[in-house]
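K.L.:
3D, please:
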Amino acid sequence: MAQWIERLKDRWKLKNTWQVIIVLLVFACTGTTILLIKRPLFAWWFPDGEKPLWATVLYFILILPVYNIFLLFYGFIFGQFRFFWDFEKRFFTRIVNRRK
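P.N.:
Sure, this is the predicted structure:
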């Protein structure tokens, strides 16, 4: 078995290799979804095709919470909601503690 899978299993405290694969699949689906929604959103917001700089900046600011919502959604669909809920809590705890 691949050593990197074992390291992920230990780091994420998962029970088996199959769970690691599902978690990686959830990350892949989430990233792909975020990638695929950008173009239609910008086409809808700016039908003339010209994107102002502020729109790109706003997109990158808003994409973080949207990404996290999709992560929880796909986690739920693939039966790993508890893992991703705990993952989100750790992630936001790190962000908040960094500011202090």
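
K.L.:
Please report the distance of Asn97 from Leu72.
P.N.:
Here Asn97 is placed at a distance of 21 Å from Leu72 (CB to CB, to the nearest Å). The C-beta positions use only the backbone N, C-alpha and C, and glycine is treated the same way.

K.L.:
Neighbour count: the two, which is higher?
P.N.:
Leu72 (18 against 8; other CB atoms under 10 Å).

K.L.:
separation between that one and Phe92?
P.N.:
Applying CB to CB, the value for Leu72 to Phe92 is 12 Å.

K.L.:
Tell me which helix or strand comes right after the helix ranked longest in the chain.
P.N.:
Secondary structure of the chain read by DSSP state H shows that its longest helix is helix 17-45. Taking DSSP states H and E as the definition, the helix or strand that follows helix 17-45 towards the C-terminus is helix 53-77.

K.L.:
hmm, who's touching that next one?
P.N.:
Contacts with helix 53-77, where a contact means CB atoms under 8 Å, 6 or more residues apart in numbering, come from 26-27, 29-30, 33-34, 38, 41-42, 45-46, 81, 83-85, 87-88, 91.
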